[in-house]
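Colleague: what follows is a predicted structure for the sequence shown.
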Amino acid sequence: MRRTLAVITVLLAGLAALSVQAAEDPAPCTIAVEPGDCIQEAIDEAPEGAVICLAEGTWQANLEISKSLTLRGRGVATTIRSDSDELPVLWVDASQGREEEVIVMLVDLHVTGGTERGGHGILVTGTAQVTITGCIITDNVMGIVLLEYARAEIRESLVSENELGGIVAVHSTQATIADCELVENTAAGIVLEHETDVTLTGSTIIRNTKDDGEFGFGVMLVEPPCHGDERFSGHVAGAGNQIPGPGEDDGNETAAFCPEGLEFLTGDEGGALDRRVMPWRHAATHLCFAARPPVRRHYREPTPAAPFPRAAHRPRPHSGDLPVEGRTGAQALSAGLGRAGGHKRGREGTSGTRRRAPLPGRGRGGPPERPPRHRL
């Protein structure tokens, strides 16, 4: 009997070890891309669910992904550097009439070099679902931008030295941010607006600085007195984060949080700020729109407000050059972000001379593409 129990114990231990090893081993590569190969061609030709593995090297590229796949590199040794001032370095989009879900995994990539207008590191739009793991997103206009109904899980990644914010989430987006570092971004480490739903745990948000004498927060909600005149109506939860204020070691320049009341993010027990009027309706809306992309409509705010600082953005062809005045907070900022949708192919080639984004308030752009509210 004892011998039988011992054998069963050994077998169970062996199965557990194999399960852990299987979970840690990455999926095998479907397509291998070497230096000199075109990443966008590999993406376009890849089947749904493919694993595209990038070798060590640097690519000048602006990539678009609109299908489910994994793009995996080898850490800082695999660099994707922007080749355009008008496009994000890496754009994941699920708003072009697809019925299937777009689920993308970005693993061990270095994303950099986005400048001016829409030159953000990673832009996620429509109903796309993205997992970002072990990535370095640095030296872009904004690091990671979530718009419309996008969902993101960001883990063990470094977001640093971006010009107008590390992670920016607006509209009805959802994000889980865990074990990340947001360091030395201008304006704020994290910017949240509208009905976004964010959970933040185990992350370090330090040394984020002012932009032209304004902002400089660790975590900022776009509402008075921080910026704009609309009240944040989303949900923020979390625990166990390091977010120091001015006067502390590695402190954020102006304040750890804006507005006050988010201190629970640094506590061991954590907490939540829930401004959603009907959380059940908020969740149901996401389910309703999972099957089809949101309708994009132009609109104007009735009360003018100073736009959130952003790089100047050139409007999409045939859309008109409408003024930015009338936007609030990151709405003005996102006016140009959605316009990346006007470019349906990534570009790869030789990068031109980089130009720093103009000072806030001097750019022009079209109206934001914020999805409408829907009744169930």
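Modeller: Great, that's in hand. What you are looking at is a predicted structure, and each value in this text was computed from that prediction instead of being measured.
Colleague: report pLDDT for Leu322.
Modeller: In this model, Leu322 is scored at 39, pLDDT.
Colleague: report the mean per-residue pLDDT for stretch 70-90.
Modeller: Mean predicted lDDT for stretch 70-90 stands at 93.
Colleague: now do the end-to-end distance for that stretch.
Modeller: For stretch 70-90, the first-to-last residue distance is 13 Å (C-alpha to C-alpha, to the nearest Å).
Colleague: from now on call the first residue 38
Modeller: Will do, 38 is the new start, and the previous item becomes stretch 107-127.
Colleague: now that stretch: buried residues?
Modeller: By 16 or more other C-beta atoms under 10 Å, the buried positions in stretch 107-127 come out as 107-110, 115-127. The C-beta positions use only the backbone N, C-alpha and C, and glycine is treated the same way.
Colleague: what pairs with the lengthiest strand in the chain, parallel or antiparallel?
Modeller: What stands out as the longest strand in the chain, according to DSSP state E, is strand 94-102. Take DSSP bridges as the rule and strand 94-102 pairs in its sheet with strand 115-118 (parallel), strand 127-131 (parallel), strand 384-385 (antiparallel).
Colleague: now render those as TSV, adding distance to Ala225.
Modeller: Listed next are these as TSV, based on distance: least, C-beta to C-beta, whole Å:
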stretch	distance to Ala225
strand 115-118	24
strand 127-131	22
strand 384-385	30
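Colleague: in strands only, show me the buried residues of stretch 107-127.
Modeller: Filtering the buried residues of stretch 107-127 for strands - DSSP E - leaves Thr107, Leu108, Arg109, Thr115, Thr116, Ile117, Arg118, Leu127.
Colleague: farthest pair within the residues you listed?
Modeller: Pairwise distances across those (C-beta to C-beta) peak at 20.8 Å, for the pair Thr107 and Arg118.
Colleague: circling back: wait, which of the strands paired with strand 94-102 is closest to Glu200?
Modeller: Nearest of the strands paired with strand 94-102 (C-beta to C-beta): strand 115-118, 15.7 Å.
Colleague: who's in contact with the closest one?
Modeller: Strand 115-118 is contacted by residues 76, 91-98, 100, 126-127, 145-150, 388 when judged by C-beta atoms under 8 Å, 6 or more residues apart in numbering.
Colleague: run the last query once more with 10 Å
Modeller: Residues outside strand 115-118 that contact it (C-beta atoms under 10 Å, 6 or more residues apart in numbering) are 70, 72, 76, 90-100, 108-110, 126-127, 143-151, 158-159, 172-173, 176, 385, 388, 391.
Colleague: measure stretch 260-279 end to end?
Modeller: First residue to last in stretch 260-279 (C-alpha to C-alpha) measures 23 Å.
Colleague: pull out the buried positions in it.
Modeller: 260, 263-265, 267, 269-279.
Colleague: from the residues you listed, which land in strands?
Modeller: His272, Val273, Ala274, Gly275, Ala276.
Colleague: quick one: the first one and Thr213, what's the gap?
Modeller: To Thr213, His272 is 12 Å away according to C-beta to C-beta, to the nearest Å.
Colleague: need the overlap of contacts for the two.
Modeller: With C-beta under 10 Å, 6+ apart, His272 and Thr213 have common neighbours Asp234, Val235, Thr236.
Colleague: list just the nearest of the residues you listed to Phe294.
Modeller: Nearest member of the shared contacts of His272 and Thr213 to Phe294, counting by C-beta to C-beta, is Val235, at 13.2 Å.
Colleague: separation between that closest one and Ala276?
Modeller: For Val235 relative to Ala276 (C-beta to C-beta), the value is 13 Å.
Colleague: also Leu310?
Modeller: 13 Å.
Colleague: next one, pLDDT for Val314 please.
Modeller: 79.
Colleague: that one contacts His272, correct?
Modeller: No - Val314 sits out of contact with His272 when judged by C-beta atoms under 10 Å, with a separation of 11.2 Å.
Colleague: now list whatever residues contact both of these two.
Modeller: Joint contacts of Val314 and His272 (C-beta under 10 Å, 6+ apart) are Glu232.
Colleague: the stretch 238-387 of the chain: helices as residue ranges?
Modeller: 316-326, 367-374 (DSSP state H, counting those that start in this stretch).
Colleague: ok, Gly86 - contacts?
Modeller: Ala64, Thr67, Lys104, Ser105, Leu106, Thr107, Ile140 are the contacts of Gly86 under C-beta under 10 Å, 6+ apart.
Colleague: now do Glu260
Modeller: Neighbours of Glu260 in contact, by C-beta under 10 Å, 6+ apart: Leu229, Glu230, Asp266, Glu267, Arg268, Phe269, Ser270, Cys295, Pro296, Arg312, Thr365, Gly366.
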